[in-house]
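Novice: Pasting a predicted model and its sequence here:
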Amino acid sequence: MSELELKEKMTDNIVRLCHSCNRENQFDAAVCVYCGATLGSTTVIVPDRPLGVTRTNYLSQIVRLHEDALVLLIATQDQPIVLKGDGKFLIGRQVENEPSPTLDLTKYGGHMLGVSRRHTMIYRTGDGYTIEDLGSANGSFLNERRLQPNTPAVLRNGDLIRLGQLMLFAYFTQPLEKHSVQPTEQTIWLTDKGDQPASPKLTLQQLTSQVIPYLNAIEVFQNIIGDSLKHTTTPLEIVQIVFEKNTNRIKATLIIRREIIPLIAEKLNPLRQKPVSNPKPEQLEDSSTISPATEDNIPAVGKVEGEAVVQQEVFAPHRELATNILGELAPTLSGDEKESLIQRLVVPLYSLTTSRFELITQSQ
């Protein structure tokens, strides 16, 4: 079955469940046609997984189809649960003469597994979702860490939620349009700090072998910072490059994320002043003519040829710098996410701090 056919099949069979009378309504209904109740936050009933479609593909289709909804998958079930509506989802158990939760876990063994009547609340925010335990008897756990009652915690796509002993996974589409950052036009100057006297001119060879790789490293740095903040990738644009003969400096006007240039000037430039243990020439490229800082063609930490002690000496300050930057910009990253981004950041950080160029933000 093609992706289009699967999408059409799912769309044709989706209905919304009224929590007042427990009857099914059309998917786009705002008011229950049976009891007149407003269909605020409701459970969307999705059709059974078609034959020949894997569980993973089916789940991915559900998440993409309901990009404004929260999709939950109970660990023991094959059918995902879609929560849609005003962005406040009460999860618990239905009890007579009490308001219905958005998601009633009774039929999934909720009572036996320790789910309270009002167990947890999930809220939609501008950045995604948060989850809050409502003082449940058996606790709410996020990735096996117990939540403090009445204290919201950030919920991320793919997180494991445990309510008492009932486990479910949360999936949703990141609201990327709300994370887009408008780049701004900024001007920088590159001053040559190489061992040799600065060249009185800018040749094509210098432009392609020195300046462009440096700007490439800035773009890689920008993209990784964007990833850490869950922002969309923003390409670096060059407005103009001018060689100023009176100062022997290169002036570059760029379209770039607002925070990137200050980060380089404030965080990376000071690292240039510290003594760095240079690896042997055969172990790393000569930093005076750095190669483009793509994440594919520069060795990752721990994969540079040579002894481990040399690798640690070379990259230790860059790992420390990457850790500090992420700690300030994205303090809520999980341990695995943070370590992955640190590994990636070491590449452009090394390129930028060992280049012959130093970036300054105003002509001096």
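Specialist: Ah, there it is.

Novice: and residue 237, what pLDDT?
Specialist: pLDDT, residue 237: 91.

Novice: Then residue 101?
Specialist: Residue 101 is given a pLDDT of 89.

Novice: close enough to count as contact, it and residue 95?
Specialist: No - using CB atoms under 8 Å, residue 101 makes no contact with residue 95, being 9.3 Å away. In this view, the C-beta of every residue, glycine as well, is placed from N, C-alpha and C.

Novice: Is residue 83 located within a strand, as I assumed?
Specialist: Yes - looking at residue 83 with DSSP: H, G, I helix; E, B strand; the rest coil, it is inside a strand.

Novice: how deep is it tucked in, by neighbour count?
Specialist: Neighbours of residue 83 under the rule other CB atoms under 10 Å: 25.

Novice: before we move on, what about the one 10 residues further on?
Specialist: With neighbours defined by other CB under 10 Å, the count for residue 93 comes to 21.

Novice: for it, phi and psi?
Specialist: With angles defined as degrees, to the nearest 10, residue 93 sits at phi -130, psi 140.

Novice: Please report how far it lies from residue 131.
Specialist: According to CB to CB, to the nearest Å, residue 93 and residue 131 sit 17 Å apart.

Novice: got it, and residue 350?
Specialist: Residue 350 is 38 Å from residue 131, by CB to CB.

Novice: Would you mind telling me which of the two has more residues around it?
Specialist: residue 350 (26 against 21).

Novice: part of a helix, is the more buried one?
Specialist: Yes - with three-state DSSP as the criterion, residue 350 is located in a helix.

Novice: What sits closest to it if chain neighbours are left out?
Specialist: residue 318 (5.2 Å; CB to CB, 6 or more residues apart in numbering).

Novice: Could you name the helices and strands sitting against the one helix or strand that neighbour maps to?
Specialist: Element membership for residue 318, per DSSP states H and E: helix 308-329. Judged by 3 or more CB pairs under 8 Å, 6 or more residues apart in numbering; DSSP states H and E, the packing partners of helix 308-329 are helix 212-228, helix 269-272, helix 335-354.

Novice: any idea of the mean pLDDT for it?
Specialist: Per-residue scores along helix 308-329 average to 78.

Novice: could you give the angle of that helix to helix 212-228?
Specialist: Counting by axes from the mean of the first three to the mean of the last three CA atoms, to 10 degrees, helix 308-329 lies at 60 degrees to helix 212-228.

Novice: what pairs with the nearest residue to residue 142 once chain neighbours are set aside across the strands?
Specialist: Once flanking residues are discounted, residue 142 sits nearest to residue 153: 5.5 Å by CB to CB, 6+ apart. Beta-bridge pairing of residue 153, defined through DSSP bridges, involves residue 131.

Novice: so who does residue 153 touch?
Specialist: Taking CB atoms under 8 Å, 6 or more residues apart in numbering as the contact definition, residue 153 lies against 130-132, 142, 147.

Novice: Just the buried ones out of these, please.
Specialist: Neighbour-count burial (16 or more other CB atoms under 10 Å) applied to those gives 131-132, 142, 147.

Novice: Of these, which is the nearest to residue 117?
Specialist: Nearest to residue 117 among the buried ones among the contacts of residue 153: residue 132, at 15.6 Å, using CB to CB.

Novice: Pretty sure residue 155 is one of the things the closest one touches, is it not?
Specialist: No - using CB under 8 Å, residue 132 is not in contact with residue 155; the gap is 9.8 Å.

Novice: Lovely, talk soon.
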